[in-house]
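In: coords please:
(one chain, ligands or ions: 2)
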Amino acid sequence: MNKETTQIVKELLASPQKIVIVGHKNPDGDAVGSCLGLSFFLKSLGHSTTVIMPNDFPDFLKWLPGVDDIIIHERETNKSIAQIKDADIIFTLDFNSLDRIGEMQNVLEESTSKFVMIDHHQQPADYAVATYSDVKMSSTSEMVFHFMDALDQSEKLTKEIAVNLYTGIMTDTGSFRFSSTSPTTHRVAAKLIEAGAESALINQNVYDTNSPERMKLLGVALNNLVILPELHTAYITMTQKELDDHNFKKGDTEGFVNYALSVKGIVFAAIFIENKQESIVKISFRSKDNFSVNDFARNHYSGGGHINAAGGKSSQSLNKTISEFISILPRYKNELTYAS
Ligand code: 5GP
Ligand code: MN
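Out: Ligands and ions are numbered 1, 2, ... in the order given. Down below sits the predicted model:
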């Protein structure tokens, strides 16, 4: 975090404040971990904090320290609005544009509180009085660690903070595999482990809680895998019926797209998931090397994210979405190359 932003934040936090911390819609491990980690930290400085998520998050995150106090805006809308209205400062974490929080967008746009952004996605919007944005960071959770450091408060690192931040870093880096994982990420992880984050236990809690239905659903997903060798592209489709038949729960399809990317020679992978309730097809994109799925998602699917991981949506039917996708791809033939 640069000196100017650090100074602004120091001034904002100079006396006890009422703080609301918000993560993005469909919160993932990094959104939940970074918000909870920051919340424990700010509490230890004497502030009062409330963590609000736009909607529910997967069960494999529901063991995190502090998780029971999270307000889900979709479920407890009045309580959430009251907290936001009462807040002096609103921290927005792991997103950088207010259209990433669904129904909460209006509420935050109307708020007169001061905003602080901590985020690692591309192209940050300009709504905060203090914007700590760094697209090179592995995760927002790693940034919360650096945030504490910038405020000269690293000694406030507790086990509760460490467990949350470690979980966020681990999930956003695919367990330290993606190219966003830097030497510094590993150094931060080491410090979190020293502070009490038990790596093996956290891995188990997050990854070894599969239901039998989810494993069967993965079987369906792998069966639906389509490979386009000429374009070094692979994609997976999931219909609403396939989800319903396997008692789909939030988070069940998380990580499926990585199987498509793991096929030898593939540099671009996508998963298309039908969502009848929202009348959309939700799409996740992943890539290797220089192919920017952030640009691809922004240009064609009103989405965005990072260079190698992004998301978007389509309001067409699943079949139409796929045929359009296939018709767009050849335009990128020169970029979709595999350097073995
Ligand atoms: P996932 O595919 O795991 O849902 O998301 C991959 C990355 O893209 C995450 O960092 C996520 O925050 C971002 N992302 C997912 N969906 C959207 C979207 O609809 N719009 C934008 N701007 N980012 C998204
Ligand atoms: Mn993240």
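In: quick check, the residue in this structure closest to ligand 1?
Out: The nearest approach of the chain to ligand 1 comes at Gly311, 2.2 Å away (CB to the nearest ligand atom). In this view, the C-beta of every residue, glycine as well, is placed from N, C-alpha and C.
In: pairing partners for the least confident helix or strand in the chain by mean pLDDT, with directions?
Out: Every helix and strand of the chain was ranked by mean pLDDT, DSSP states H and E. The lowest is strand 304-305, at a mean of 94. Counting by DSSP bridges, the strands paired with strand 304-305 are strand 309-314 (antiparallel).
In: avg pLDDT for the partner strand?
Out: Taken as a whole, strand 309-314 has an average pLDDT of 97.
In: right, and the helix or strand after it?
Out: Downstream of strand 309-314, the first helix or strand assigned by DSSP states H and E is helix 318-328.
In: buried stuff in that following helix?
Out: Leu318, Thr321, Ile322, Phe325 (16 or more other CB atoms under 10 Å).
In: picking that back up, ok, and what's touching the least confident helix or strand of the chain?
Out: Ser97, His121, Gln122, Gln123, Phe285, Val293, Asn294, Ala297, Arg298, Ala310, Gly311, Gly312 (CB atoms under 8 Å, 6 or more residues apart in numbering).
In: just these: which are in strands?
Out: Phe285, Ala310, Gly311, Gly312 (DSSP state E).
In: want to throw these into CSV with neighbour count?
Out: CSV is the format used below for the ones in strands among the contacts of strand 304-305 (neighbours: other CB atoms under 10 Å):
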residue, neighbour count
Phe285, 27
Ala310, 25
Gly311, 22
Gly312, 23
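In: count the residues that sit near Leu108.
Out: For Leu108, the neighbour count with other CB atoms under 10 Å is 18.
In: to clarify, my last question referred to Asn55.
Out: 17.
In: quick one: residues contacting it.
Out: Listed by CB under 8 Å, 6+ apart, the contact set of Asn55 reads Lys25, Asn26, Pro27, Ile72, His73, Glu74, Gly102.
In: in three-state terms, label it for me.
Out: Following DSSP: H, G, I helix; E, B strand; the rest coil, we place Asn55 in the coil state.
In: what about it? Give its phi and psi, please.
Out: With angles defined as degrees, to the nearest 10, Asn55 sits at phi -140, psi -180.
In: distance of it from Leu98?
Out: Distance, Asn55 to Leu98, by CB to CB, to the nearest Å: 15 Å.
In: again, but for Asp59
Out: Distance of Asp59 to Leu98, given as CB to CB: 28 Å.
In: which of these two has more neighbours?
Out: Between Asp59 and Leu98, Leu98 has the larger neighbour count (other CB under 10 Å), namely 17 against 13.
In: name the nearest residue to that one, sequence neighbours excluded.
Out: Sequence neighbours aside, Gln105 is the residue nearest to Leu98 in space, at 4.9 Å (criterion: CB to CB, 6 or more residues apart in numbering).
In: now do the one you found, the pLDDT please.
Out: With respect to pLDDT, Gln105 scores 98.
In: for Ile280, same thing?
Out: In this model, Ile280 is scored at 97, pLDDT.
In: quick one, what contacts it?
Out: Going by CB under 8 Å, 6+ apart, Ile280 touches Lys313, Ser314, Ser315.
In: repeat that with 6 Å
Out: Lys313, Ser315 (CB atoms under 6 Å, 6 or more residues apart in numbering).
In: from Glu230, how far out is it?
Out: 29 Å.
In: phi, psi of Val206?
Out: Torsion angles at Val206 (phi, psi; degrees, to the nearest 10) stand at phi -90, psi -40.
In: could I get the full set of strands for the chain?
Out: Assigned by DSSP E, the strands in the chain fall at 18-22, 48-53, 71-72, 89-93, 114-119, 130-133, 226-228, 233-238, 268-275, 280-287, 304-305, 309-314.
In: which one of those is the most hemmed in?
Out: Comparing these by mean neighbour count (mean count of other CB atoms under 10 Å), strand 89-93 comes out on top with a mean of 26.
In: contacts for it, please.
Out: Contact with strand 89-93 is made by 12, 17, 19-23, 34-35, 113-118, 140, as judged by CB under 6 Å, 6+ apart.
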